[in-house]
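Peer 1: Mind folding the following:
(one chain, ligands or ions: 1)
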Amino acid sequence: MPGTWRRILLESTGSTNDFLKEGLLGLSDRTVVRAVRQTSGKGRLGRTWESPPGGLYASILLVPPPSPEHASRVALLIADIICGELLRAGIGACVKWPNDVIAGDGKIAGILPEYGTFPVPWFVTGMGVNLAAAPSIPGRNGPPPAAWARFAPPPDPDALLDRLLLELDEAWPDRTLDPISDRAEGITGRLWMSGREVEVVRGERLDTGIVKGIDAQGRLLLSTGSGMIYLDSGELSPVRSR
Ligand code: BTN
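Peer 2: Numbers count the residues shown, from 1 in each chain. You can find the predicted model right below:
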């Protein structure tokens, strides 16, 4: 089992991801920071993550980082772990590839992995889970926001964070190994829009097809008119009615 996590609790910060990135030289490996609220919470693709008190906003720091091909799979692993926590609480939940969690028909959690090489190679992953309330997700066309409290009494943010970190260590005890090597089938079984037609946007590119699952590398398998394609990034949404 890896060593302990060094915990930092902040009443307020801009973004817990940025807090770790800005303090890289003074912070050690396996530092985790949680903020009661964030004033400039960040989502994927440059979006904002509204972060009023009552949600879980936390980021972890790994120095040295996992290899680049493993890094994005850590986000998928954390999404799957959060999904498992919701299911254990009796809440119908799925993993929305590549790193969101859906409960009911809304987005309840999102993961934001970031990595770099300066001043030392580093890896930070933030997780945001809507517990008490479901703040809006500005600039997003995907599922509406959802909160844990809509389905069941929400856990205490610290208690939930403890469980997520424990499960992360159990599932991925050695960061030189693949974080999801033996989970692809399990994640496929919990995949949002599985068997249904979706659009996946990556920059200028748009692919449409039926979601078939994920492979061992965490890539989305999409059955399109011209065969099976494997996507390693993108923004997935149901096909718009034409
Ligand atoms: C997304 O779904 O677009 C990702 C959302 C990630 C939000 C979390 S909250 C904690 C951490 N700090 C941030 O600024 N963002 C992540």
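Peer 1: so residue 192 makes contact with residue 92?
Peer 2: No. Using CB atoms under 8 Å, residue 192 is not in contact with residue 92; the gap is 11.1 Å. C-beta: built from backbone N, CA, C; applies to glycine.
Peer 1: More neighbours: those two, which one.
Peer 2: When residue 192 is set against residue 92 and neighbours are counted by other CB atoms under 10 Å, the residue ahead is residue 192, at 21 against 11.
Peer 1: need the contact list for that one.
Peer 2: Residues in contact with residue 192 (CB atoms under 8 Å, 6 or more residues apart in numbering) are 94, 95, 96, 97, 100, 102, 211, 236.
Peer 1: ok, and which of the residues you listed reach the ligand?
Peer 2: By CB under 6 Å from any ligand atom, the members of the contacts of residue 192 lying near the ligand are residue 100.
Peer 1: Need the buried ones from the contacts of residue 192 selected in ChimeraX.
Peer 2: A single ChimeraX command selects the buried members of the contacts of residue 192 (16 or more other CB atoms under 10 Å):
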select :94,95,96,97,100,102,211,236
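Peer 1: which one among the contacts of residue 192 gets closest to the ligand?
Peer 2: Among the contacts of residue 192, residue 100 lies closest to the ligand (CB to the nearest ligand atom), at 5.4 Å.
Peer 1: For whichever residue of the chain sits closest to the ligand, what are phi and psi?
Peer 2: The chain approaches the ligand most closely through residue 110 (2.0 Å), counting by CB to the nearest ligand atom. Main-chain torsions, residue 110, degrees, to the nearest 10: phi -140, psi 150.
Peer 1: what's around it, how many residues?
Peer 2: 27.
Peer 1: same thing with residue 42?
Peer 2: Using other CB under 10 Å, the number of residues around residue 42 comes to 21.
Peer 1: Mind listing the residues bridging to the spatially most central residue of the chain?
Peer 2: The chain has residue 111 as the residue nearest its centroid, 2.5 Å off, counting by CA atoms, centre = their mean. According to DSSP bridges, the residues that bridge with residue 111 are residue 127.
Peer 1: gap between it and residue 240?
Peer 2: Distance, residue 111 to residue 240, by CB to CB, to the nearest Å: 25 Å.
Peer 1: Any part of the longest helix seen in the chain near the ligand?
Peer 2: Identified as the longest helix of the chain according to DSSP state H is helix 68-88. No. Against the ligand, helix 68-88 shows no contacts by CB under 6 Å from any ligand atom, the least distance being 8.8 Å.
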